[in-house]
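Colleague: here you go, sequence then predicted model.
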Amino acid sequence: MIGQLRSVVIDCPDPLALARFYAALLGLEVSSVEDDWVVVCSTDRRTRLAFQLAPDLQPPQWPDPARPQQFHLDVAVADPVRAHEQVLALGATALPGRGEDFQVYADPVGHPFCLVWNPDPLRIQIPDPAADDA
């Protein structure tokens, strides 16, 4: 092993705003704030995300291959219906793209992420964003 992963770094036009979104989504704390760099981590400091200023960011347009997602986070949830409501309240947008055990969203800047869960089709009834276009 050469090293260990320290951070996943996400480019964005407003690091503090996006850091607060992910802190609320993942139960993390904002631990370091600079003008162009904000870090959130778990209380034990083992989980860490950093947000870097990129004022000219061209966000991905899921699922358009001309502006691909670049990366995404899978966020495990116990109650996908409740989690769906909570991420929308935080400012996420539900995107087309779902399966038996996941739903795709965009954070407030446009980066895709997924809520993932153990499938139970009798219990899970998250509204399908594609159905709204019909």
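Modeller: Done, it's in.
Colleague: so where is this protein shaky, pLDDT-wise?
Modeller: Along the chain, the model assigns pLDDT under 70 to residues 1-3, 119-134.
Colleague: domain parsing for it?
Modeller: As assigned by automatic domain parsing, the chain contains the domains 1-55, 69-125.
Colleague: can you give me the neighbour number for Y105?
Modeller: Y105 has 24 neighbours, counted by other Cβ atoms under 10 Å. (Glycine included, C-beta is placed from N, CA and C.)
Colleague: now do the contacts for the closest residue in space to S42 that isn't next to it in sequence.
Modeller: Ranked by Cβ to Cβ, 6 or more residues apart in numbering and with sequence neighbours excluded, the top spatial neighbour of S42 is L28, at 5.7 Å. By Cβ atoms under 8 Å, 6 or more residues apart in numbering, the contact list for L28 reads 22, 40-42, 47, 49.
Colleague: ok, L28 to Q61 distance?
Modeller: Separation of L28 from Q61 (Cβ to Cβ, to the nearest Å) stands at 27 Å.
Colleague: got the residue ranges for the strands in this protein?
Modeller: 8-12, 29-34, 37-41, 48-53, 73-76, 93-99, 102-106, 112-116 (DSSP state E).
Colleague: next, format those strands as a markdown table and append distance to L18.
Modeller: Listed next are the strands of the chain as a markdown table, based on distance: least, Cβ to Cβ, whole Å:
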| stretch | distance to L18 |
| --- | --- |
| strand 8-12 | 4 |
| strand 29-34 | 11 |
| strand 37-41 | 8 |
| strand 48-53 | 5 |
| strand 73-76 | 12 |
| strand 93-99 | 14 |
| strand 102-106 | 12 |
| strand 112-116 | 11 |
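Colleague: which one, of those strands, ends up nearest to V87?
Modeller: Of all the strands of the chain, it is strand 102-106 that lies closest to V87, at 5.8 Å by Cβ to Cβ.
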